[in-house]
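A.B. asks: model the following, please.
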Amino acid sequence: APPTAALGWESFLAVRRRAAEGSVVARPQEASFGGGGDGGGGGGGAGAWGAMEEPSASSSSSVWGDLPGDQASARQHKTYSVELRLQSGSAVEAIHIQDGRRVSARSPHLCALLSAQAQPVADSSPAGNTSVGARSLDLDLQAAGTTVAAVRTAIEFILADDRAASEAAFWPRFWAAAGRGRPPRAVATAARKGEAQGVEEALVTLDVLLAASLLGLPRLQDAAEARLMGDDAIAPAFGGGSVLLCDSTVLPLLASSFGRCRPLSRACMQLLSAPERATEVLRGRERQVGVLYATHPVVSTLLSGVYKAAAADAGGPSSCTAAARGVAPPDPRLLELLFGPGAGFGSSRGAALPC
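C.D. replies: Numbers count the residues shown, from 1 in each chain. The predicted structure follows:
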């Protein structure tokens, strides 16, 4: 008589149901096609069709935070530390993270970087210590456009345990700590009176955004982008008041984001290209523009092109003068920077800012 497969299928499905319910996976006892009779269970013949193997320690899958070479049997007892070597030009600074497995588990991107690029460091801990050693990873901050302080802030974000409880309470504390104790940079101190703190806050947020991109932290990226260029209804949810991109911050943010954060650079260019904002952005910020031209030549060339095109569209140098607008004339040095030598001192190459 031909073999009956009904019992084999029923046994297989029963085992699968028990596995789904969390019961121990066992071998089906009546899944053989080799025996005779109605049940076919007595012969035990060839292999059992559909038999399920019990999972072994060597075949268990890895989890986030485990690196190649870690023994499955030791996962519950051992950890590793991580040393991030942050390179910015010729300077190198190290950040030591004691619980590397925890950081890797919370950042899959960082876990992948450690798995692919990290170098093991000899463990110098005393005998009996449960650490399996340290991994070191080199990160190029100059290429990323961020700072050591911003990477530290991003690591603190990874390790923070109070995010899930209340984000509304978490974000204001997080951003306040991110900018604490940092002296304002030159482009911030060159802003209008009273604007230096706002410029520095915007640049710190951009630094954190670029650090989050480097370490693969999309939630932190979203929060930084919302503060910089979201709308005023979204920014407060991430610890901010008004959006940080405005007249006082657009030039520094354009210089720092150009080539590194395209959405922010695009938003800066849109603000500068608006006829009603182009002149107001420059008013009283001659020193800030000078710092930008001294430190970012590519962006300076772009900025000159924007204002030359705006002046041409307005009908030429004589179409709109400061006297016609009833405001003080622009600093001649500003016109020199924007339009070239002689533009601000009454030469034949003179130019005027667009209305």
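A.B. asks: and stretch 280-290, average pLDDT?
C.D. replies: Taken as a whole, stretch 280-290 has an average pLDDT of 85.
A.B. asks: list the buried residues in it.
C.D. replies: 281-282, 284-290 (16 or more other Cβ atoms under 10 Å). In short, each C-beta sits where N, CA and C put it, glycine included.
A.B. asks: residues making contact with it?
C.D. replies: For stretch 280-290, the external contacting residues (Cβ atoms under 8 Å, 6 or more residues apart in numbering) are 187, 190-192, 247-248, 250-252, 271-272, 303, 327, 330-331, 333-334, 337-338, 353.
A.B. asks: how many neighbours does the nearest residue to residue 95 once chain neighbours are set aside have?
C.D. replies: Leaving aside its sequence neighbours, residue 95 sits nearest to residue 84 (Cβ to Cβ, 6 or more residues apart in numbering; 4.5 Å). Burial of residue 84 is recorded as 25 neighbouring residues (other Cβ atoms under 10 Å).
A.B. asks: which strands and helices lie in contact with the helix or strand hosting residue 84?
C.D. replies: Under the criterion of DSSP states H and E, residue 84 resides in strand 79-88. Here strand 79-88 touches strand 91-97, helix 100-106, strand 131-140, helix 141-144, helix 148-159, going by 3 or more Cβ pairs under 8 Å, 6 or more residues apart in numbering; DSSP states H and E.
A.B. asks: the ones you listed: lowest mean pLDDT?
C.D. replies: strand 131-140 (a mean of 78).
A.B. asks: relative to residue 177, how far out is residue 152?
C.D. replies: Distance of residue 152 to residue 177, given as Cβ to Cβ, to the nearest Å: 10 Å.
A.B. asks: these two: which is more packed in?
C.D. replies: residue 152 (17 against 11).
A.B. asks: I'd guessed that one sits against residue 94; true?
C.D. replies: No. Assessed by Cβ atoms under 8 Å, residue 152 is found out of contact with residue 94, at 11.4 Å.
A.B. asks: ok, back up a step: quick one: the helices and strands packed on strand 79-88 as JSON lines, columns for distance to residue 256 too.
C.D. replies: Below are these laid out as JSON lines (distance: least, Cβ to Cβ, whole Å):
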{"stretch": "strand 91-97", "distance to residue 256": "19"}
{"stretch": "helix 100-106", "distance to residue 256": "27"}
{"stretch": "strand 131-140", "distance to residue 256": "17"}
{"stretch": "helix 141-144", "distance to residue 256": "12"}
{"stretch": "helix 148-159", "distance to residue 256": "12"}
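A.B. asks: so for residue 215, which of the ones you listed sits nearest?
C.D. replies: Closest approach to residue 215 among these (Cβ to Cβ): helix 148-159, 5.3 Å.
A.B. asks: mind giving me the packing neighbours of the closest one?
C.D. replies: On a contact count with 3+ Cβ pairs under 8 Å, 6+ apart, helix 148-159 meets strand 79-88, strand 91-97, helix 100-106, helix 167-178, helix 196-215.
A.B. asks: restrict that helix to CA atoms and write it as PDB.
C.D. replies: Only the C-alpha atoms of helix 148-159 are listed here, as PDB (Å, rounded to 0.1, in the frame of the first residue of the first chain):
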ATOM      1  CA  VAL A 148      34.900  66.600  18.800                       C
ATOM      2  CA  ALA A 149      32.400  68.300  21.100                       C
ATOM      3  CA  ALA A 150      29.500  67.400  18.700                       C
ATOM      4  CA  VAL A 151      30.500  63.800  18.500                       C
ATOM      5  CA  ARG A 152      30.600  63.700  22.300                       C
ATOM      6  CA  THR A 153      27.100  65.100  22.300                       C
ATOM      7  CA  ALA A 154      25.900  62.500  19.800                       C
ATOM      8  CA  ILE A 155      27.400  59.700  22.000                       C
ATOM      9  CA  GLU A 156      25.600  61.100  25.000                       C
ATOM     10  CA  PHE A 157      22.400  61.000  23.000                       C
ATOM     11  CA  ILE A 158      23.000  57.300  22.200                       C
ATOM     12  CA  LEU A 159      23.500  56.500  25.900                       C
END
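A.B. asks: show residues contacting that helix.
C.D. replies: Residues contacting helix 148-159 (Cβ under 8 Å, 6+ apart): 84, 86, 88, 93, 95, 97, 99, 102-103, 106-107, 110, 139, 141, 163, 174, 177-178, 182, 204, 207-208, 210-212, 214-215, 217, 220.
A.B. asks: now these: which count as buried?
C.D. replies: For the contacts of helix 148-159, a burial check counting by 16+ other Cβ under 10 Å picks out 84, 86, 88, 97, 103, 106-107, 110, 139, 141, 174, 178, 204, 207-208, 210-212, 214-215, 217, 220.
A.B. asks: average pLDDT for the helix or strand hosting residue 307?
C.D. replies: Residue 307 is located in helix 297-313, with elements delineated by DSSP H and E. When pLDDT is averaged over helix 297-313, the result is 83.
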